[in-house]
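In: I'd like to go over a predicted model; first the sequence, then the structure.
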Amino acid sequence: MKFFPHLLAFLLLAMVGCNSDDADPDQAMYFPPLTGSEWETSSVSSLSWNESQVPALIDFLEEKNTKAFLILVKGEIVMEEYFGGHKATDTWQWNSAGKTLVAATTGIAQQEGLLDINTQVSRYFGTGWTNMPIEKENLITSKHLLSMTSGINDENQFVIRPNLTYLADAGTRWSYHNVFQRLMDVISAASGRKFDTYFDSKLRDKIGMDGTWNFGLVFNIYHSTARSMARFGLLALNEGKWVDAQIVSEEFFKESIRSSQDLNPAYGYFWWLNGKSKFMLPGSQTVFPGSLIPNAPADMYAAMGAEDQRIYVVPSKKLVIIRMGRASDPSNPSFAYSGFDQELWQKINAVID
């Protein structure tokens, strides 16, 4: 049997290449350029999804007041739909889904040595930032703000000092509260820069997002295009990494998508976590058994905002799904969680399974 050295070398290289791809499947992940509108696409048919179910998904989205909807697989756009005159260049509010931007920025500030989430908040801008007894205020760390366990009374969501009264010791009560916004003040004090300036340079511009913060007395809300929301979702899918740059430390990001406390295991650092044994919801102390969204993948984590602003991230399927729009149910616009998620995932599953 005669061997040809150049053919043998080619076969060996091919084998090495195959083994390398198998060992590092993330090599196939796509990241769009930082500037311009270029973004690689894939198709429903190329993924062997059920094309016949796509019209039903689109009809549902339109019926439920959606403005923008995207599905990414390994970073490539598979579906991109806009409704009601909304365009790809139009911006929309993230509402509480934008809390995850604050969590990521906190992680960046910590990895730069500017702050430590386990340090009491008052160390960064002085005591008396609440209307609590000083010994109770001093129990509150940035981690308590990240995990919604500050113990501050949640009866009034206006984040002004007279409203920040004592209800429980920090770490002993989970309660969804706008006081998380003081974390933005921690970052500003620690960095010596306005929060949005620091955010823009350390996160937004690093991954090619557009968008701006709208600061108010009650809410600090981010506005951007749907594609920018998808860029952040892609960063989250890759655990804080963009191409070869680790924007948010992997250690901090993984910590963000783990249960941040035992009271509500379905909550990380502003990320909602699926597949846990129980969960709590904003505005309630009721503990519900089972998974947050039972028909969504168990490993999914999500940024969830009022009026059903959503970033769903599913590592096992390399999926990022974006939904922007008005409330699916106008009579129930304010909660970060709604029955809409169950209905939407029923439609999504019909397409992707």
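Out: That came through, no problem.

In: can you pull out the strands in the protein?
Out: Using DSSP state E, the strands of the chain run over 66-73, 76-82, 92-93, 212-215, 220-224, 241-242, 245-246, 272-273, 278-279, 288-289, 301-305, 309-314, 319-325.

In: could you redo these as TSV and give each row distance to residue 160 and mean neighbour count?
Out: C-beta: built from backbone N, CA, C; applies to glycine. Compiled in TSV, those are given as follows (distance: least, Cβ to Cβ, whole Å; neighbours: other Cβ atoms under 10 Å):
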stretch	distance to residue 160	mean neighbour count
strand 66-73	32	23
strand 76-82	38	19
strand 92-93	22	20
strand 212-215	14	14
strand 220-224	14	21
strand 241-242	37	18
strand 245-246	37	12
strand 272-273	27	25
strand 278-279	30	18
strand 288-289	32	10
strand 301-305	22	25
strand 309-314	25	25
strand 319-325	29	25
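
In: Identify whichever of those lies nearest to residue 102.
Out: Nearest to residue 102 among these is strand 220-224 (8.3 Å), distances taken as Cβ to Cβ.

In: what's the average pLDDT for the closest one?
Out: On average, the pLDDT along strand 220-224 is 95.

In: what sits up against that strand?
Out: Strand 220-224 has contacts (Cβ atoms under 8 Å, 6 or more residues apart in numbering) with 91-95, 98, 101, 181, 184, 209-214.

In: Let me have the strands of the chain in CSV, adding distance to residue 345 as columns.
Out: What follows is those, written out as CSV (distance: least, Cβ to Cβ, whole Å):
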stretch, distance to residue 345
strand 66-73, 12
strand 76-82, 15
strand 92-93, 21
strand 212-215, 30
strand 220-224, 24
strand 241-242, 27
strand 245-246, 31
strand 272-273, 13
strand 278-279, 15
strand 288-289, 17
strand 301-305, 11
strand 309-314, 8
strand 319-325, 9
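
In: How far does stretch 176-192 stretch from one end to the other?
Out: 28 Å (Cα to Cα, to the nearest Å).

In: tell me which residues in it are buried?
Out: Going by neighbour count (16 or more other Cβ atoms under 10 Å), the buried part of stretch 176-192 is 176-184, 186-191.

In: again with stretch 60-67
Out: 60-61, 64-67.

In: neighbouring contacts of that stretch?
Out: Contacts of stretch 60-67 (Cβ under 8 Å, 6+ apart): 69, 81-84, 86, 90, 92, 226, 308, 323-328, 330, 340, 343-344, 347.
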